[in-house]
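# any chance you could fold what I've pasted below:
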Amino acid sequence: MIRPDSTKDSGLVSRMFDEVSPRYDLTNDILSLGNSRLWRVTTTRAVQPRKGMRILDIAAGTGTSSAAFARSGAQVVAADFSPGMLAVGRRRNARVPNIEFVEADATQLPFDDDSFDATTISFGLRNVDRPQVALAEMYRVTKPGGRVVICEFSRPPLAIVREPYYAYTKHVLPRVAGFINGAGEAYDYLNDSIREWPDQLTLAGWLRDAGFNAVEYRNLTGGLVALHRGFVSADAHTTSAGARVDE
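Take a look at the predicted model:
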């Protein structure tokens with residue numbers, strides 16, 4: 001089993017996800033005690049998908065969140081840097097005509113400026129080696145007036161929640177993951193990435209630095225997860241050189 005180091009080398013992380021892809025969703029459901037489904041519902045409501053929208057779902061994995069968006073009638077691009085995850089997603093969603101699976105690096109998105117009405121990423125930003133560059137890319141490809149929604153593990157503000165949670169992720173999570181799909185070392189890495197990830201206010205600041213406005217966040221499950229949302233100004237436009245500016 002591949003275990004990436006703290007540099008988050010994209011090739012190693014991608015291969016790790018390739019290896020865990022067959023049982024990734026099942027493992028997440030069990031490890032989150034079913035909360036992953038509630039987080040997905042909340043994220044979908046924040047994206048507000050509807051027919052006629054074009055939505056980019058980054059780090060889409062097997063397309064579970066993408067399928068939830070697609071049920072509204074929106075056109076969804078499910079992007080991920082793991083070929084293994086995408087292969088599972090294509091098989092599972094073969095009958096969903098409005099999902100397109102695309103292999104893509106979050107820091108170098110292969111899409112034109114102003115391509116999407118909404119851009120979202122769930123539990124993937126912390127696995128990007130340059131998350132602030134990824135946020136700038138998300139801003140670039142989102143249309144003026146569009147939104148970004150980020151669902152990510154975060155830092156529970158209360159010690160009574162935080163300390164048992166960290167103990168669970170350190171001692172229980174890798175063992176259970178290893179039993180389910182032999183991925184204990186991979187989940188050791190994911191546990192480290194959760195503990196090293198910045199708090200809610202820091203991520204909100206990164207979103208503002210990337211250009212998003214009206215940035216806000218909401219804690220879910222006591223702050224184990226945080227849902228961040230921001231908007232591209234309606235009067236934002238791109239220059240001839242392709243760099244967006246806000247007026």
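# and the closest residue to T221 other than its chain neighbours, how many neighbours?
For T221, ignoring the flanking residues on the chain, the nearest one in space by CB to CB, 6 or more residues apart in numbering is N35 at 5.6 Å. No exception for glycine: its C-beta is placed from N, CA and C like everyone else's. When neighbours are defined as other CB atoms under 10 Å, N35 has 15 of them.
# just the helices in this structure please.
Assignment of helices within the chain using DSSP state H yields the ranges 10-20, 24-31, 35-47, 64-70, 83-92, 131-141, 159-167, 173-181, 184-196, 200-210.
# other SSEs contacting the fifth one?
Helix 83-92 sits against helix 10-20, strand 75-80, strand 99-103, with contacts defined as 3 or more CB pairs under 8 Å, 6 or more residues apart in numbering; DSSP states H and E.
# the ones you listed: lowest mean pLDDT?
Ranked by mean pLDDT, the helices and strands packed on helix 83-92 end with helix 10-20 in last place, scoring a mean of 55.
# can you pull the contacts of T221?
35, 38-39 (CB atoms under 8 Å, 6 or more residues apart in numbering).
# dump those residues to JSON lines, plus distance to R126 and pLDDT.
What follows is the contacts of T221, written out as JSON lines (distance: CB to CB, whole Å; pLDDT from 0 to 100):
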{"residue": "N35", "distance to R126": "17", "pLDDT": "77"}
{"residue": "L38", "distance to R126": "20", "pLDDT": "91"}
{"residue": "W39", "distance to R126": "15", "pLDDT": "90"}
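# start to end distance for stretch 72-82?
26 Å (CA to CA, to the nearest Å).
# show me the shaky parts of the chain.
The model of the chain has pLDDT under 70 over residues 1-34, 172-189, 237-243, 245, 247.
# export the longest strand anywhere in it to CSV, keeping only CA atoms.
Selection of the longest strand in the chain by residue count, based on DSSP state E, yields strand 142-153. Taking C-alpha atoms only, strand 142-153 is exported to CSV below (Å, rounded to 0.1, in the frame of the first residue of the first chain):
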residue,chain,number,x,y,z
THR,A,142,-16.1,29.9,-12.1
LYS,A,143,-18.4,32.4,-13.9
PRO,A,144,-19.1,35.8,-12.5
GLY,A,145,-22.0,35.5,-10.1
GLY,A,146,-21.1,31.8,-9.6
ARG,A,147,-20.2,30.1,-6.3
VAL,A,148,-17.6,27.8,-4.8
VAL,A,149,-18.5,25.3,-2.1
ILE,A,150,-15.9,23.4,-0.1
CYS,A,151,-16.7,20.6,2.3
GLU,A,152,-13.6,19.5,4.2
PHE,A,153,-12.5,18.0,7.5
